[in-house]
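Asker: Make a model of this:
(chains A and B)
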Amino acid sequence: MEFADTVAEVARNEDRREFDRLVERYHKQAYNIAYRMAGNHADAEDLTQEAFIRAFRFFGQYRRELPFDSWLYKIMSNVFIDRLRRKPKVKIRSIDQPVATDEGEAQFEIADPSGGPEDVVLSQEMDSRVQAALQNLPEAFRITVIYADIEGLSYEEIAEATNTNIGTVRSRLHRGRRLLRDKLKQYEHQLL
Amino acid sequence: MNCHRVTNLMSAFVDGELTGTEMLAIRRHISDCPDCAAEYESLKMTKLALARLRTVVPREDFAASIIRRLDEQIIPPYQRLINVVYKYAARKLSPVAAALAVSGLVLAILAASGQDRILIQKPDVVVSAPYSVRTHGVSLVPATENVVYSDKPVVVADHTAGANLYLADLTVR
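Answerer: This is a model prediction of the structure:
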């Protein structure tokens, strides 16, 4: 059986080098999404690792005509929703008090101060409130909102990534945003 | 358009994901209807709030730790075979050959480097190498002393020029 191992190994080594490069390139983007889905670093790490492991296991079935990130969005959507749904629900904090970030400071990138209005970032306090509001959304709504408003995907792309149709994307996004809006209404002046 | 319909379409309107006609109709409605205008502003605010969330970054060595986890992954040989076949089948393919390949028959891979090998799926195939494989009556590798015996069809992935899958007839010498 040595020959079998040699072939598989050679093919696998080439794939492996390519895959490792893809991990380097996409892990930060994936982590951000995972964090916004999970709300804490430990779970974000678990979810991200799980997504890349699954992507690796099925790397041979990945048709390289699809951009890797489109394929990764699909995998993340499956993994994140599945894993988070199975987690026992934590107590929902009132969002009147700002949520302390876990294990000390969450790391944030500082936005470019010379950019436009969308380059302004929320204060840590507001960030925590928005995150807490996100946690209250059902997982399918949450991923839809994240893909639309954080990742900037089109409805078509979101439908592809979540294995649904545009009508469902539209509905989830609308309902998700309205739920968030209702929770954040009292902070409106701080958000604009 | 009435308020009820406008409200339902409001998120799609904020995203510009409606037809031109619908966009115009809603814009007109909003200019006359304070309630819907308020709904529009509040949804726009929500979208903007999300866009303004900070980008959360992982710890420095996170990529390295993912890569280490991959080292621990044991991909079963059958899964490896399917992965390899999918990769080749995704390019050029004979549908029959591809279908047979994924059903788990013997797969031979001819590499451009000349390092040809047989990847064995079923244990009842006896192989010695180097081997001689004939497909469509044309010999793809230089004839050698040794032969391949198989009681199953062999699918050959030919890498020497592009990636093609063929059904091979094995020559018994």
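Asker: In this structure B:Asp18 contacts B:Arg27, no?
Answerer: If you look again at residue B:18, you'll see it is Leu, not Asp. No: the criterion here is CB atoms under 8 Å, and B:Leu18 misses it with B:Arg27 at 10.3 Å. All C-beta atoms are positioned from the backbone trio N, CA, C, and that covers glycine.
Asker: more crowded one of the two?
Answerer: B:Leu18 (16 against 11; other CB atoms under 10 Å in any protein chain shown).
Asker: where does B:Asp32 sit relative to B:Ala25, distance-wise?
Answerer: In this view, B:Asp32 and B:Ala25 are 12 Å apart by CB to CB, to the nearest Å.
Asker: Then B:Asn2?
Answerer: Counting by CB to CB, the gap from B:Asn2 to B:Ala25 is 11 Å.
Asker: Among the two, which residue is more densely surrounded?
Answerer: More crowded of B:Asn2 and B:Ala25, by other CB under 10 Å: B:Ala25, with 17 against 9.
Asker: excluding its backbone neighbours, what's nearest that one?
Answerer: B:Met1 (4.9 Å; CB to CB, 6 or more residues apart in numbering or on different chains).
Asker: ok so that neighbour is a strand residue?
Answerer: No: applying DSSP: H, G, I helix; E, B strand; the rest coil, one finds B:Met1 to be coil, outside a strand.
Asker: contacting residues for it?
Answerer: By CB atoms under 8 Å, 6 or more residues apart in numbering or on different chains, B:Met1 lies in contact with B:25-26, B:29.
Asker: try A:Ser154
Answerer: B:Glu17 are the contacts of A:Ser154 under CB under 8 Å, 6+ apart.
Asker: What backbone torsions are found at it?
Answerer: phi -80, psi 170 (degrees, to the nearest 10).
Asker: before we move on, the earlier item: if we only consider the contacts of B:Met1, which is nearest to A:Ile33?
Answerer: B:Ile26 (30.3 Å; CB to CB).
Asker: thought the closest one was touching B:Leu9?
Answerer: Yes: contact criterion CB under 8 Å: B:Ile26 and B:Leu9 qualify, at 6.4 Å.
Asker: Overlap of the contact sets of the two?
Answerer: By CB under 8 Å, 6+ apart, the residues touching both B:Ile26 and B:Leu9 are B:Leu18.
Asker: low pLDDT regions in chain B?
Answerer: B:74-173 (pLDDT under 70).
Asker: so what's the residue positioned nearest the centre of chain A up against?
Answerer: Nearest to the geometric centre of chain A sits A:Ile33, at 2.1 Å (CA atoms, centre = their mean). Neighbour list for A:Ile33: A:76, A:80, A:146-147, A:150-151 [criterion: CB under 8 Å, 6+ apart].
Asker: and it, how far is that from B:Met1?
Answerer: According to CB to CB, A:Ile33 and B:Met1 sit 35 Å apart.
Asker: Now do the helix or strand hosting A:Arg175: distance to the chain's middle.
Answerer: Secondary structure from DSSP states H and E places A:Arg175 in helix A:166-184. Put simply, helix A:166-184 sits 17 Å off its chain's centre (CA atoms, centre = their mean, to the nearest Å).
Asker: just stretch A:133-150 next, same as before
Answerer: On CA atoms, centre = their mean, the centre of stretch A:133-150 falls 9 Å from the chain's centre.
Asker: which of the contacts of A:Ile33 lies closest to chain B?
Answerer: Closest approach to chain B among the contacts of A:Ile33 (CB to the nearest CB): A:Ile150, at 5.8 Å.
Asker: pretty sure that closest one is touching A:Asn32, no?
Answerer: Yes: judged on CB under 8 Å, A:Ile150 makes contact with A:Asn32 at a distance of 7.3 Å.
Asker: Look at the two and report which has more neighbours.
Answerer: In this view A:Ile150 and A:Asn32 are compared by other CB under 10 Å, and A:Asn32 has more residues nearby, 22 against 17.
Asker: Remind me which helix or strand the more buried one belongs to.
Answerer: Per DSSP H and E: helix A:2-38 holds A:Asn32.
Asker: Averaged pLDDT, that helix. What do you get?
Answerer: What helix A:2-38 shows for mean pLDDT is 79.
Asker: so what secondary structure elements neighbour the helix or strand that that helix is followed by?
Answerer: Next helix or strand after helix A:2-38 toward the C-terminus (DSSP H and E): helix A:41-57. Contact analysis of helix A:41-57 by 3 or more CB pairs under 8 Å, 6 or more residues apart in numbering or on different chains; DSSP states H and E lists helix A:2-38, helix A:68-86, helix B:62-71 as its packing neighbours.
Asker: Looking at the ones you listed, which is nearest to A:Asp127?
Answerer: Ranking these by their distance to A:Asp127 (criterion: CB to CB) puts helix A:2-38 first, at 10.3 Å.
Asker: Can you get me a residue count around A:Gln186?
Answerer: Using other CB under 10 Å, the number of residues around A:Gln186 comes to 11.
Asker: Distance of it relative to chain B?
Answerer: Here the criterion is CB to the nearest CB, to the nearest Å. By it, A:Gln186 lies 12 Å from chain B.
Asker: who touches A:Glu45 in this structure?
Answerer: Neighbours of A:Glu45 in contact, by CB under 8 Å, 6+ apart: A:31, A:34, B:58, B:62.
Asker: The third one reaches A:Thr48, doesn't it?
Answerer: Yes: when contacts are counted by CB under 8 Å, B:Pro58 is listed as touching A:Thr48 (7.3 Å).
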